[in-house]
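> Can you look at this prediction? I've put the sequence above it.
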Amino acid sequence: MRDALEPGPAPIQLPSRLERVIGPMSLAQSEDCLSVNVFTPSTTGSRPVLVWIHGGAFLTGSGGQGWYDGTRLANEADVVVVTVNYRLGVLGFLPLDGIAPPNLGIADQLAALEWVRDNVAASGGDPGRVTLAGQSAGAQSTLTLWSAPRAQGLVHQIGLQSAPVGVLPQTPDEAADSADRYLHALGVRSAAELTTMPTDRLLDGLKALAARAKAGISLPFQLVADHDLVADDLIAAAKPARALVSWTRDEVRAYGPEAPQEQIDQQTAAIFSGDLPRLTKQLGEDATLMRFDWGAPGNPYGACHCIDVPFLFGTHDAAPGAACLAGAPEGLPEITDLRQIWAQFLHGERPVIDTPLLTAF
């Protein structure tokens, strides 16, 4: 037995490219990072479970960030909220022949789901009513695991916020090229050298890659289609599901707040929303599609990527440095609209979308 009332360390990572938009990471970092955080109204009873996978382009983030504190959502929705850590960047998504298979971070998420199946009843949760959900890379992970044979039976419905469905998993050849670029940026000839390298040096390679990357949204490491955990086409592989799917109106404004609206709309469609009709058709009639439209008055970021997350968790006050919330009126954590929609969904009801925050489709 040990004191486990504080979040564990975050995975090893560099500062997020969106740190200015959503606020900085405040947790210590460690390779020993594979933990979950459980929020429950009571350890008695048997209530629905939400397993949440954080975003961050498979490079940054932690389920222990204050942004994802599940206290308010668990109490208001009467559910158990479980937030998950998984390996990121080089340690989680850099495949190396003979050293590291692809998609280790996804395997971590699968292990967390198995932990929930075996242990969540002790926290008042029902392992037969598990919703897997996430935002951005966490939503893409959710869609990935929904079709993964090894995850069957662990998840019963899914929620996707800002899934980058326009980004296909890499082929093994593309992943090998990405690995070669990383090794070249790090200045090493053999991948075996990475196995004894300190994490600071591994992050140096990421810094070098970032310095060479073109402006815009780029992903140094991505999912790799391995015909095991990750399908070639995540939409085509998706089986019918009860699903709650959303995106934000101005997704890519997080990366370019001064860009013309026409450009924002085009890039948002290309990466996030353009393939959602195909996805919801694939998921079937029990899929609900909606767009998050709220932006702080006069704020140049508008309804940008990530801005919906604190509305779900009621955690606006956990990111006082978030530029996307600058100028917002007080009392945002008390706005329950999005949490009520999710509560209906988590309890098996058809969500009723009747709020100025959202547009139903």
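Done, it's in. Computed from a prediction, not measured in an experiment: that's the story for all the values here. Numbers count the residues shown, from 1 in each chain.
> Touching, Thr142 and His54? I think so.
No - the pair Thr142 / His54 is not scored as a contact, 11.2 Å apart, by CB atoms under 8 Å. Backbone N, C-alpha and C define where each C-beta goes, glycine included.
> Any buried residues in the helix or strand of the chain with the lowest mean pLDDT, and which?
The helix or strand of the chain with the poorest confidence is helix 199-212; it has a mean of 85 (mean pLDDT, DSSP states H and E). Of all the residues in helix 199-212, those buried under the rule 16 or more other CB atoms under 10 Å are 202-206, 208-209.
> if we can go back for a sec, pull up the overlap in contacts between Thr142 and His54.
Jointly contacting Thr142 and His54 under the rule CB atoms under 8 Å, 6 or more residues apart in numbering are Gly134.
> Show me what the least confident helix or strand of the chain is packed against.
Applying 3 or more CB pairs under 8 Å, 6 or more residues apart in numbering; DSSP states H and E, we find helix 199-212 packed against helix 89-93, helix 172-186.
> Just give the number of residues close to the closest residue to Gly314 other than its chain neighbours.
Closest residue to Gly314 apart from its sequence neighbours, by CB to CB, 6 or more residues apart in numbering: Arg72 at 3.7 Å. A count of neighbours around Arg72, defined by other CB atoms under 10 Å, yields 18.
> what does Asp293 give?
Residues lying near Asp293 (other CB under 10 Å) number 16.
> Could you report the distance from the closest residue to Ser123 other than its chain neighbours to Gly125?
Counting by CB to CB, 6+ apart, the nearest residue to Ser123 once its immediate chain neighbours are dropped is Thr40, at 4.6 Å. Going from Thr40 to Gly125 by CB to CB, to the nearest Å gives 7 Å.
> who has more neighbours, those two?
With neighbours defined as other CB under 10 Å, Thr40 and Gly125 compare such that Gly125 has more, 27 against 23.
> and the more buried one, what are its bridge partners?
Arg47 (DSSP bridges).
> and what of the one 10 residues further on?
Counting by DSSP bridges, Gln135 is bridged to Gln161.
> which residues are contacting the helix or strand following the least confident helix or strand of the chain?
Per DSSP states H and E, the first helix or strand lying C-terminal to helix 199-212 is helix 234-237. Here helix 234-237 makes contact (CB under 8 Å, 6+ apart) with 140, 143-144, 147, 165, 168-169, 231, 275, 278-279, 282.
> Which of those residues lies at the shortest distance from Leu104?
Closest to Leu104 out of the contacts of helix 234-237 is Thr144 (13.2 Å), distances taken as CB to CB.
> Local confidence estimate at the closest one?
Thr144 carries a pLDDT value of 98.
> next one: Ala215
49.
> Give me the phi and psi for the spatially most central residue of the chain.
Central residue of the chain (CA atoms, centre = their mean): Gly138, 2.1 Å from the mean position. Gly138 adopts backbone torsions of phi -70, psi -30, taken as degrees, to the nearest 10.
> What pLDDT does the model give it?
pLDDT, Gly138: 98.
> Skipping its backbone neighbours, what lies nearest it in space?
Spatially, and ignoring its direct neighbours in sequence, Gly138 is nearest to Ile53 (3.5 Å; CB to CB, 6+ apart).
> Tell me which residues touch the one you found, please.
Neighbour list for Ile53: 63, 84, 86, 109, 132-134, 137-139, 141-142 [criterion: CB under 8 Å, 6+ apart].
> Return the subset of these lying in strands.
Mapping these onto strands (DSSP state E) picks out 84, 132-134.
> ok, now which ones touch the residue lying farthest from the centre of the chain?
Distance from the C-alpha centroid of the chain, by CA atoms, centre = their mean, peaks at Arg189 (33.1 Å). Under the criterion of CB under 8 Å, 6+ apart, the contact list for Arg189 reads Leu183.
> Let's see which of the contacts of helix 234-237 end up in helices.
Taking DSSP state H as the definition of helices, those contribute 140, 143-144, 147, 278-279, 282.
> And the buried ones among the residues you listed, selectable in PyMOL?
Selection of the buried residues among those in PyMOL, burial being defined by 16+ other CB under 10 Å:
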select buried, resi 140+143+144+147+279+282
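> Farthest pair within the ones in helices among the contacts of helix 234-237?
Farthest pair in those (CB to CB) is Thr144 and Arg278. Separation: 16.5 Å.
> In what element of secondary structure is His49 found?
That one is not His; residue 49 is Val. Element membership of Val49 [criterion: DSSP H and E] is strand 47-53.
> From Phe93, how far off is Ser190?
Distance from Ser190 to Phe93, by CB to CB: 20 Å.
> typed the wrong thing, it's Ala326
Ala326 sits 32 Å away from Phe93, going by CB to CB.
> Mind checking which of these two has more residues around it?
Between Ala326 and Phe93, Phe93 has the larger neighbour count (other CB under 10 Å), namely 28 against 12.
> what's the residue lying closest to that one once chain neighbours are set aside in contact with, if anything?
Excluding its sequence neighbours, the residue lying closest to Phe93 (CB to CB, 6+ apart) is Phe221, at 3.8 Å. Applying CB under 8 Å, 6+ apart to Phe221 gives the contacts 58-59, 89-90, 92-94, 178.
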